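# What follows is a predicted protein model with its sequence.
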Amino acid sequence: MATLIEHSHRIQEREAITADRSDPAHARHFAIIGGAGQMGRLLAETFSARGHAVSVLDQDSDPSTDAAVVSADVVMIAVPMHLAVPIIHTVAPRLRPDALLCDINSLKVDVCAAMAKNGSCEALGLHPMFGPSVRSLRRQKVVSCPVRSGPLSEWLLSELGRMGLEEVDSDPDTHDRMMAVIQVLVHFSTIVMGEALRRTGTSVSDSLKFTSPIYRLELAFVGRLFTQNPDLYAEITMTNPHGAMVRKAFLDAAKALDTSVGAGNRDVFRQQFSSVSEWFSAFGPEAMALSDFIIESLVTQP
């Protein structure tokens, strides 16, 4: 049944792309600054497959002089966060008033403020909540932070919806605070877990001989992170202005738990456990169902 549904979705996606490509009014010209990077390539290939013209500006291109910046309907900034604001200052004044400037960075306050202060074109902050290795964009989330709305930004959000993405509307400050929890806290705790496992001196292969499916799944998320670029995670964990708050919460929680466990105080441990259990109560049933589904999928793999 899962295979049938998956193939059905793929057929629907192909039919939708074919229908869109047959409409001449559908095509737009995208210029992706940083389009040679992993996320930039994914978006460039996706937009191109949908019939749009895509100009890729890599690290050797000069956005201050490249003609594609002036001619494009949509200019998308897909560079590391520390480069985004300077590039916005450079390219925003060059865009047509009816064009759209957007970015895909994981922090929005500074980039949206820069887009608001520079140029007169439409502007939209975007944050795809997925990585470049996804096989499908269906049901993936993208956060949007409107800066200067207009017909082209509305069109792009509709186009992203037709691509299967689910839009989450937010203001820049709320977005960055949520990313401190969703990204900084999660990545920080995962990195700590990996380092703690390394310090035990137990090899991953030895531990997997004794593992349950749930441990193997948890270890997969830890191992997945450490196969990637450390600079990406350094940028995420070090640049969010709300990161210190969530890191302190993590360290305080670890210290409190260590104290109760070290003292063998079951009453305090039960109280700590119950507090978190109550906090998760609304999500608990979904968490059990989702994790059971994933575990079942894992153990039935050949």
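Cool, the structure landed.
# for this protein, which spans come out with low pLDDT?
2-3, 5-7, 9-25, 59, 302 (pLDDT under 70).
# can you pull out the helices in it?
Assigned by DSSP state H, the chain shows helices spanning 2-21, 38-49, 67-71, 81-91, 109-117, 151-162, 172-179, 186-200, 204-209, 213-225, 230-239, 243-262, 266-279, 284-299.
# can you tell me how far the residue nearest to V134 when sequence neighbours are not counted sits from L57?
Using C-beta to C-beta, 6 or more residues apart in numbering and skipping residues adjacent in sequence, the residue nearest V134 is Q140, 6.3 Å away. C-betas here are computed from N, CA, C, even on glycine. Q140 is 25 Å from L57, where distance means C-beta to C-beta, to the nearest Å.
# For the two, indicate the residue with more neighbours.
Neighbour count, other C-beta atoms under 10 Å: between Q140 and L57, L57 has more, with 26 against 16.
# could you check the distance from the closest residue to the more buried one other than its chain neighbours over to A263?
Spatially, and ignoring its direct neighbours in sequence, L57 is nearest to I33 (4.6 Å; C-beta to C-beta, 6+ apart). I33 sits 56 Å away from A263, taking C-beta to C-beta as the criterion.
# Please apply the same query to A220.
33 Å.
# Mind checking which residue lies nearest the centre of this structure?
Nearest to the geometric centre of the chain sits M129, at 2.5 Å (C-alpha atoms, centre = their mean).
# what sits against that one?
M129 makes contacts with 140-143, 168, 182, as judged by C-beta atoms under 8 Å, 6 or more residues apart in numbering.
# let's go with 6 Å and repeat that
K141 (C-beta atoms under 6 Å, 6 or more residues apart in numbering).
# Tell me which of I33 and A263 has more neighbours.
I33 (30 against 10).
# What's the separation between that one and H52?
16 Å.
# Bridged to S144, which residues?
With DSSP bridges applied, S144 shows beta-bridge pairing to L126, D169.
# Count the neighbours of it for me.
22.
# Out of the helices of the chain, the one nearest H29 is which?
helix 67-71 (6.4 Å; C-beta to C-beta).
# Quick check: buried residues in that closest one?
Residues 68-69 are the ones in helix 67-71 that count as buried (16 or more other C-beta atoms under 10 Å).
# Residues in contact with that helix: which ones?
Contacts for helix 67-71 (C-beta under 6 Å, 6+ apart): 31, 55, 63, 75, 91, 94.
# Could you measure from the residue nearest to the centre of the chain over to R139?
Distance from M129 to R139, by C-beta to C-beta: 11 Å.
# hang on, the earlier thing: got the contact list for the residue nearest to L57?
Contacts of I33 were listed using C-beta under 6 Å, 6+ apart, and they are 57, 63, 77.
# can you do 10 Å?
40, 55-59, 61, 63, 66, 68-69, 72, 75-79, 83-84, 87-88, 90-91, 103 (C-beta atoms under 10 Å, 6 or more residues apart in numbering).
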